[in-house]
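Peer 1: What follows is a protein structure lacking sequence information:
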């Protein structure tokens, strides 16, 4: 049996039991009340008949003819359809009776008939009762006293006020059909009432209780199956309607909570993915690119992103920016006071706020279209991050919360990358150290061995650099080395690695580059160096460079062979007259 059928049974069975008991009790009461009223009416009719008979017999008594009186009693009994008519003297003797065998017999005062009048008060009164004869038959018996009236005294003298009683018996069976009719009517009425009320109760329970609960149960099953669009319309009033409303509200609440959980989970997954990308590298240049990629990808409608960070020397800052749908990037280092150097990339007001220590927390700018976030690690400001929505779009609360959660991790990664950059960067020139050179070259040669990607190596030496130190002093030489590194960076690609190999000798690792392309890059560095005048305290210092080029795997299949080949090529460039590029 289904659960809703069991529920209907639990609800309806007790109700039907109570209804049935109540109906039986009510109908029984009505039956007894109706029967008593019918009996009372029949008794009154019998009493009335008794009075009529008594009046008729009185006239016969005045005629002083016992036979006539006897015949009158018999005829009255026959014509009226009575069971028996008797006249009893006050001494209890039956004087006249429709049953002649009873005439002359004496009725004891202890008989049931005599006890009607003499049982309690002893006074003769008119009574009509239902009694049972010795044969077991139930009858109506009317007992009416015969008073000693004035016209009676001619024969009876003043022999008391009572001469005797008239007893009239009537068959009770005459009203039994009426009683049975009442009984049948009540039973029929009861059955019809039970059926109608039962049907109404069944309909009420089904439509107002069971069906709404079934709909709620079916809705709950759909929700359990994952259908959170489920709504129910109970189409009822009262508490069940409120229950349906609560159910729908609950489903909406569950949907909202699940939506929030899914959104939080998406944010956590996204944040984890972003952190994985951020922590994948410790290279500062690559890290800045990854951060801007994240901003462009994850924040809807971002047009422009900027990272400003202090350089290792703490005197200058570096700005890295990019616009959406634009592969070009702006990567410049400048003195913070030189507003013209960065005005086109970032607002001087933002830079001034940061330098003054006023940027301590994220703020919305440009009418909430911009978001300015400080990069802080252990209360030390490293720089700031700026993002701008395109076409006046605004950052949502979720996007701001996401960026606030992400920026702390970006700050830590940038701080670590900055420390690592300091560790692998030559303090004077800003080029990578020879230790980083060895590791980077091993990585590129391994790629060449595993995937067949060519890698080229440039060995660069500034020709006769000792004359610069001797002629202008070591500060001039240091400045020249630093400016040459800036020139070399501009001449190579972003993926290329510039390292200080020692003194005035530098190395450039060119990933995925064959010897022909390497020669082009080397010649570009040589030519620009020759054309450049390095200024120092009013002096124009000119230098040239010699470059040796080697390519893996053609000129060397491992790190040692590749370095040796590029050094031999550099030596040959020196021997052939300097200021030239030679390929091994």
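Peer 2: Thanks, I have the structure now. These figures come from a predicted structure and were not determined experimentally.
Peer 1: Report pLDDT for the nearest residue to residue 553 once chain neighbours are set aside.
Peer 2: With CB to CB, 6 or more residues apart in numbering as the criterion, residue 553 has its nearest non-adjacent residue at 6.0 Å, and that residue is residue 448. In short, each C-beta sits where N, CA and C put it, glycine included. pLDDT for residue 448: 92.
Peer 1: State the number of residues packed around residue 448.
Peer 2: 20 (other CB atoms under 10 Å).
Peer 1: Quick check: it vs residue 564, distance?
Peer 2: Here residue 448 is placed at a distance of 16 Å from residue 564 (CB to CB, to the nearest Å).
Peer 1: which stretches of the stretch 451-584 of the chain aren't confidently modelled?
Peer 2: Judged against pLDDT under 70, the stretch 451-584 of the chain has no low-scoring part.
Peer 1: the helices in it, which residues?
Peer 2: Secondary structure of the stretch 451-584 of the chain (DSSP state H, counting those that start in this stretch): helices located at 466-472, 474-491, 515-531, 559-575.
Peer 1: Of all the ones you listed, which one comes closest to residue 185?
Peer 2: Closest to residue 185 of those is helix 474-491 (CB to CB; 116.2 Å).
Peer 1: Tell me how far the closest one lies from the chain's centre.
Peer 2: When distances are taken as CA atoms, centre = their mean, to the nearest Å, helix 474-491 is centred 65 Å away from the chain's centroid.
Peer 1: Residues in contact with it: which ones?
Peer 2: 428-431, 460, 462, 465, 468-469, 498, 500, 504, 506, 508, 521, 524-525, 528-529, 532, 534, 536-537, 539, 541, 543, 545 (CB atoms under 8 Å, 6 or more residues apart in numbering).
Peer 1: Show me which of those are buried.
Peer 2: 429-431, 460, 462, 465, 468, 498, 500, 504, 506, 508, 521, 525, 529, 532, 534, 536, 541, 543, 545 (16 or more other CB atoms under 10 Å).
Peer 1: if we can go back for a sec, quick one, phi psi at the residue nearest to residue 553?
Peer 2: phi -60, psi -40 (degrees, to the nearest 10).
Peer 1: Can we start the residue count at 292 from this point?
Peer 2: All set: I'll call the first residue 292, so the last point we hit is now residue 739.
Peer 1: these two touch, right, it and residue 843?
Peer 2: Yes: using CB atoms under 8 Å, residue 739 makes contact with residue 843 at a distance of 5.0 Å.
Peer 1: which residues are common contacts for those two?
Peer 2: 745-746.
Peer 1: Now do the one helix or strand residue 544 maps to, average pLDDT.
Peer 2: According to DSSP states H and E, residue 544 maps onto helix 530-570. Across helix 530-570, the average pLDDT comes to 77.
Peer 1: which other helices and strands contact it?
Peer 2: helix 502-515, helix 575-589, helix 688-715 (3 or more CB pairs under 8 Å, 6 or more residues apart in numbering; DSSP states H and E).
Peer 1: got the residue ranges for the strands in the stretch 342-491 of the chain?
Peer 2: 375-380, 385-388, 418-423, 429-438, 453-462 (DSSP state E, counting those that start in this stretch).
Peer 1: Against residue 420, how distant is the residue nearest to residue 867 when sequence neighbours are not counted?
Peer 2: Nearest non-adjacent residue to residue 867, counting by CB to CB, 6+ apart: residue 873, 6.8 Å away. Plainly put, residue 873 is 153 Å away from residue 420 if you go by CB to CB.
Peer 1: Settle it for me: which of these two has more neighbours?
Peer 2: residue 873 (22 against 15).
Peer 1: Quick test: name the residue nearest the centre of the protein.
Peer 2: For the chain, the residue nearest the mean C-alpha position is residue 545 (0.2 Å; CA atoms, centre = their mean).
Peer 1: Just list the residues touching the nearest residue to residue 321 once chain neighbours are set aside, thanks.
Peer 2: Leaving aside its sequence neighbours, residue 321 sits nearest to residue 477 (CB to CB, 6+ apart; 5.7 Å). Shown in contact with residue 477 (CB under 8 Å, 6+ apart): 318, 321-322, 325.
Peer 1: quick one: which of those is nearest to residue 744?
Peer 2: Taking the contacts of residue 477 together and measuring to residue 744 by CB to CB, the closest member is residue 318, at 104.5 Å.
Peer 1: tell me which element that closest one is part of?
Peer 2: helix 294-353.
Peer 1: Which of the three states applies to the residue nearest to residue 609 when sequence neighbours are not counted?
Peer 2: Excluding the flanking residues, the one nearest residue 609 by CB to CB, 6+ apart is residue 624, at 4.6 Å. Three-state assignment for residue 624 (DSSP: H, G, I helix; E, B strand; the rest coil): strand.
Peer 1: And residue 624, what's its pLDDT?
Peer 2: So residue 624 comes in at 82 (pLDDT).
Peer 1: mind listing what it touches?
Peer 2: Contacts of residue 624 by CB under 8 Å, 6+ apart are 602, 607-610.
Peer 1: May I see these arranged in a markdown table, with secondary structure and neighbour count as well?
Peer 2: Formatted as a markdown table, these follow (DSSP: H, G, I helix; E, B strand; the rest coil; neighbours: other CB atoms under 10 Å):
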| residue | secondary structure | neighbour count |
| --- | --- | --- |
| 602 | coil | 18 |
| 607 | coil | 15 |
| 608 | strand | 23 |
| 609 | strand | 18 |
| 610 | strand | 21 |
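Peer 1: Among those residues, which one lies nearest to residue 486?
Peer 2: Using CB to CB, the contacts of residue 624 come closest to residue 486 at residue 610, 91.9 Å.
Peer 1: so that closest one sits right up against residue 629, yeah?
Peer 2: No: Residue 610 is not in contact with residue 629 according to CB under 8 Å; the separation is 11.3 Å.
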